[in-house]
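Colleague: Attaching a predicted model along with its sequence, questions to come.
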Amino acid sequence: MCGIVCYIGSKEATPILIEGLKRLEYRGYDSAGLAVTDGKETCLVKEVGKVSRLEEKIKEDSCRGTMGIAHTRWATHGRPSVPNAHPQTGEEDKVFLVHNGIIENYLSLKEELLKKGHTFNSETDTEVLVHLIEEYYEGDLAAAVKKVLRLVQGTFGIALFHRDSPDQIVLARRGSPLILGIGENEYLAASDVNALLRHTNQVIHLKDNELAILNRDDFSISDFQDRRVIREAETIEWGQDAADKKGFDHYMLKEIFEQPDAVENALRGRLLEGEGVSHLGGLEGVLDRLKAMERIHFVSCGTSYYAGLLARYIFEKVTDFSVEVEYASEFRYRNLRLDEKTAVLAISQSGETADTLAAIREAKRKGALCLGLVNVVGSTIAKETEAGVYNHAGPEIGVASTKVFLSQCVILTLMALLVGRYQRLSLTEGLFITRALRKLPGQLRRILDQAPRIEEIARRYAQYHNFLYIGRLYNFPIAMEGALKLKEISYLHAEGYAAGEMKHGPISLIDPDFPTVAIVPRDSTYEKMINNIQEIKARDGKVVAVAAEGDSEIAGHVDDVISVPRSIDILQPLLNTIPLQLFAYYIARERGCDIDKPRNLAKSVTVE
Ligand code: M6R
């Protein structure tokens, strides 16, 4: 979604802002712009499309100055166009402002301004903010911003400056992340820490209803009631290296190959092998309460939702909890029983997903114990939950989530193990799980070694337009995740189904042009999966099977087989995920798709 980068210091701002915007490209956007000032002149450049097009345009204009703000826009109000791109300016071209989020009451505010004679240049909700700030400005920009934000409903992360104060950037946030970067004799700000890492690893996260003023040699933070906020900078451990492609063609491929490390990081220091249990420091403070719960709800969106679906099967197997899984966008509007016997776990890579955050706030209001499983340290969900666990998977740049999904599945297994060992799970079963977890990284590496073969299979399927993915039990969520990966990055239609549902509808789709990807582990579902496959073959459907190593029967039933090492039933789906990620990746590559930045998608969905 939209991205913000700001700079104030002694260096030329434009290259820093452009480089920062490029670091945010992975989040998804359709236009970009910047405003840079040298104290006398302010240069404003905006362009539809890629940041590189903006860069080209700037070359002609040559924007010089040591302070500026920049933005990538993902259209919500008004189509992608130069007038709708940010920075937005008002009638007097004095205030330059970039905005992430949505101003919900912008229409009524705009009507008032129109009555007063204001004229608007864009269709955006953001432009209303600029006009209002100009109206309220009496020489103190921060004071005007605070007054205006009292009138506003909705979410915002904003950064702005005034032509008359060329040594000051004002930032404010409610519901949309903004992070200050403290450099040497310079300050930066961004909506995503990746845009700061090249310059500093010292950051301060603004909280909701806070405003920051960046001057050339100092900064200050206050709340909207003018109370001063003192907050220490945090050190970010991810280096810029972790966010680079390291020779891979795409971030997605790099992140697929990072999965053995992501699993090792998820397990590091968290397994007490002799006791067949896990240790999760982030849950220590709430462990007694958690053990006493009757219900747990997993709330999340997209791929993180599928991690929750898999966790339901795992928790049901090893704990006494009754488990619910819900899309965060549905959860927040349902009348659910959420009381002191209920834990709600938000699962989110970014920790900023608007629906997941809203769901947690709703659950908190009703007295549930709210927990988080997030990858981005210091993100809003991490801060707003009572306790939780970090993935420590490193930055995930590819829009299609891969390594964080796997890491989520591992950590959810650790959580089930932790609770289960206080409930029904025996030491023997606990040991069984911990040993199988330890083997995962090595097994994942063996699957990744097969990438060339998976590429060769994927190439042969790249011309089809529809795909069905099927699995049973633990592998049903994996079928849905596999289908999501394919549709996100290749724009092909793919559906994930519980294989048992085939006869209740989807089998009508099967013909020689509608291939099926079947997940066929050697477990209690095997015979039934073979029956499903035979029904598909009887209708001339092609089948690619993800099957267990050593399964000598499967090749006789299907067109192509990808073999994966065997694990215990609850962990087998983690291994089965990897071939599906690679299959989707190679099909998308064969079709020439923009894999890391698929159309219409954003890495972090910060609006409802
Ligand atoms: O950051 P989150 O995990 O909360 O994001 C949730 C979804 O938006 C995300 O998983 C999305 O579905 C990905 N593009 C999946 O690849």
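Modeller: Arrived safely, thanks for sending.

Colleague: Neighbours of the closest residue to His465 other than its chain neighbours, how many?
Modeller: Excluding the flanking residues, the one nearest His465 by Cβ to Cβ, 6 or more residues apart in numbering is Leu492, at 5.9 Å. For the C-beta atoms, the positions are set from N, CA and C on the backbone; glycine is no exception. Applying other Cβ atoms under 10 Å, we find 20 residues neighbouring Leu492.

Colleague: The residue nearest to Lys147 when sequence neighbours are not counted and Gln88, how far apart?
Modeller: Leaving aside its sequence neighbours, Lys147 sits nearest to Tyr136 (Cβ to Cβ, 6+ apart; 4.7 Å). Counting by Cβ to Cβ, to the nearest Å, the gap from Tyr136 to Gln88 is 16 Å.

Colleague: how about the residues of the stretch 301-450 of the chain near the ligand?
Modeller: Neighbours of the ligand within the stretch 301-450 of the chain, by Cβ under 6 Å from any ligand atom: 301-304, 348-350, 353, 356, 399-401.

Colleague: now Val544, what's its secondary structure?
Modeller: Under DSSP: H, G, I helix; E, B strand; the rest coil, the three-state class of Val544 is strand.

Colleague: Run a quick neighbour tally on it.
Modeller: There are 24 residues near Val544, going by other Cβ under 10 Å.

Colleague: which residue sits closest to it, ignoring its sequence neighbours?
Modeller: Distance criterion Cβ to Cβ, 6+ apart; nearest residue to Val544, sequence neighbours excluded, is Asp560 at 4.6 Å.

Colleague: More neighbours: Tyr136 and Gln88, which one.
Modeller: Between Tyr136 and Gln88, counted using other Cβ under 10 Å, Gln88 has the larger neighbour count: 30 against 16.

Colleague: ok, the more buried one touching Ser122?
Modeller: Yes: using Cβ atoms under 8 Å, Gln88 is in contact with Ser122, at 6.3 Å.

Colleague: give the contact list for Thr356.
Modeller: Thr356 is in contact with 299-301, 304, 328, 346-348, 381, counting by Cβ atoms under 8 Å, 6 or more residues apart in numbering.

Colleague: Ala387 is in contact with Gly285, correct?
Modeller: Yes: between Gly285 and Ala387 there is a contact at 5.6 Å, judged by Cβ under 8 Å.

Colleague: With neighbour numbers in mind, choose between those two.
Modeller: Neighbour count, other Cβ under 10 Å: between Gly285 and Ala387, Ala387 has more, with 19 against 11.

Colleague: Show the pLDDT at the more buried one.
Modeller: At Ala387, the pLDDT value in this model is 96.

Colleague: picking that back up, which of the residues of the stretch 301-450 of the chain next to the ligand tops the neighbour count?
Modeller: Going by other Cβ under 10 Å, Ser348 tops those with 32 neighbours.

Colleague: which ones are touching it?
Modeller: Ser348 touches 300-301, 304, 356, 372-375, 379, 381, counting by Cβ under 8 Å, 6+ apart.

Colleague: So Gly550 belongs to a strand, correct?
Modeller: No: Gly550 is assigned coil when assessed by three-state DSSP, not a strand.

Colleague: Can you get me a residue count around it?
Modeller: Gly550 has 9 nearby residues by other Cβ under 10 Å.

Colleague: Poorly predicted segments of the stretch 101-250 of the chain, please.
Modeller: 238-243 (pLDDT under 70).

Colleague: hang on, the earlier thing: so which of the contacts of Thr356 sit within helices?
Modeller: Among these, DSSP state H puts 304, 328, 381 in helices.

Colleague: Setting aside sequence-adjacent positions, which residue approaches the first one most closely?
Modeller: Just to be clear, that refers to Ser304. Closest residue to Ser304 apart from its sequence neighbours, by Cβ to Cβ, 6+ apart: Ile347 at 4.4 Å.

Colleague: confidence score at the one you found?
Modeller: 98.

Colleague: pretty sure it contacts Gly302?
Modeller: No: counting by Cβ under 8 Å, Ile347 does not reach Gly302; the two are 10.1 Å apart.

Colleague: ok so Ala159 is a strand residue?
Modeller: Yes: counting by three-state DSSP, Ala159 is found in a strand.

Colleague: hmm, back to that, farthest-apart pair in the contacts of Thr356, please.
Modeller: Between any two of these, the greatest separation by Cβ to Cβ is 11.6 Å, found for Cys301 and Ile381.

Colleague: which residues do the two both contact?
Modeller: Here Cys301 and Ile381 have 348, 353, 356 as joint contacts, going by Cβ under 8 Å, 6+ apart.

Colleague: just the strands in the stretch 501-608 of the chain please.
Modeller: Shown for the stretch 501-608 of the chain, the strands assigned by DSSP state E, counting those that start in this stretch span residues 516-520, 543-548, 560-564.

Colleague: got a list of contacts for the first one?
Modeller: Counting by Cβ under 8 Å, 6+ apart, the neighbours of strand 516-520 from elsewhere in the structure are 467-471, 475, 478-479, 482, 499, 510, 526, 529-530, 532-533, 536, 541-548, 551, 554, 558, 573, 576, 580, 583.

Colleague: The same query, at a cut-off of 6 Å, please.
Modeller: Under the criterion Cβ atoms under 6 Å, 6 or more residues apart in numbering, residues 468-471, 475, 478-479, 529, 533, 536, 541, 543-547, 576 lie in contact with strand 516-520.

Colleague: same question, the second one
Modeller: Contacts of strand 543-548 from elsewhere in the structure, counted by Cβ under 6 Å, 6+ apart, are 516-522, 533, 536, 554, 558-563, 566, 576, 579.

Colleague: Now do the shared contacts for Gln88 and Ser122.
Modeller: Joint contacts of Gln88 and Ser122 (Cβ under 6 Å, 6+ apart) do not exist.

Colleague: measure Ile69 to Asn194 for me?
Modeller: Applying Cβ to Cβ, the value for Ile69 to Asn194 is 17 Å.

Colleague: neighbour count winner among the two?
Modeller: Ile69 (29 against 24).

Colleague: wait, isn't the more buried one in contact with His99?
Modeller: No: contact criterion Cβ atoms under 6 Å: Ile69 and His99 do not qualify, at 10.4 Å.

Colleague: In the stretch 201-350 of the chain, which residue sits nearest the ligand?
Modeller: Going by Cβ to the nearest ligand atom, the ligand is nearest to Gly302 of the stretch 201-350 of the chain, at 1.9 Å.

Colleague: Check the stretch 1-150 of the chain too.
Modeller: Counting by Cβ to the nearest ligand atom, the stretch 1-150 of the chain gets nearest the ligand through Gly28, at 9.2 Å.

Colleague: Leu601 is in contact with that residue, correct?
Modeller: Yes: Gly28 lies in contact with Leu601 (Cβ under 6 Å); the separation is 5.2 Å.

Colleague: These two: which has the busier surroundings?
Modeller: Gly28 (21 against 16).

Colleague: give the contact list for that one.
Modeller: Per Cβ under 6 Å, 6+ apart, neighbours of Gly28: 74, 601-602.

Colleague: Mind doing that once more with 10 Å?
Modeller: If you count contacts by Cβ atoms under 10 Å, 6 or more residues apart in numbering, Gly28 has them with 1-3, 72, 74, 399, 597-605.

Colleague: Please, where are all the helices along the stretch 101-250 of the chain?
Modeller: Here the stretch 101-250 of the chain has its helices, by DSSP state H, counting those that start in this stretch, at 106-115, 126-136, 141-149.
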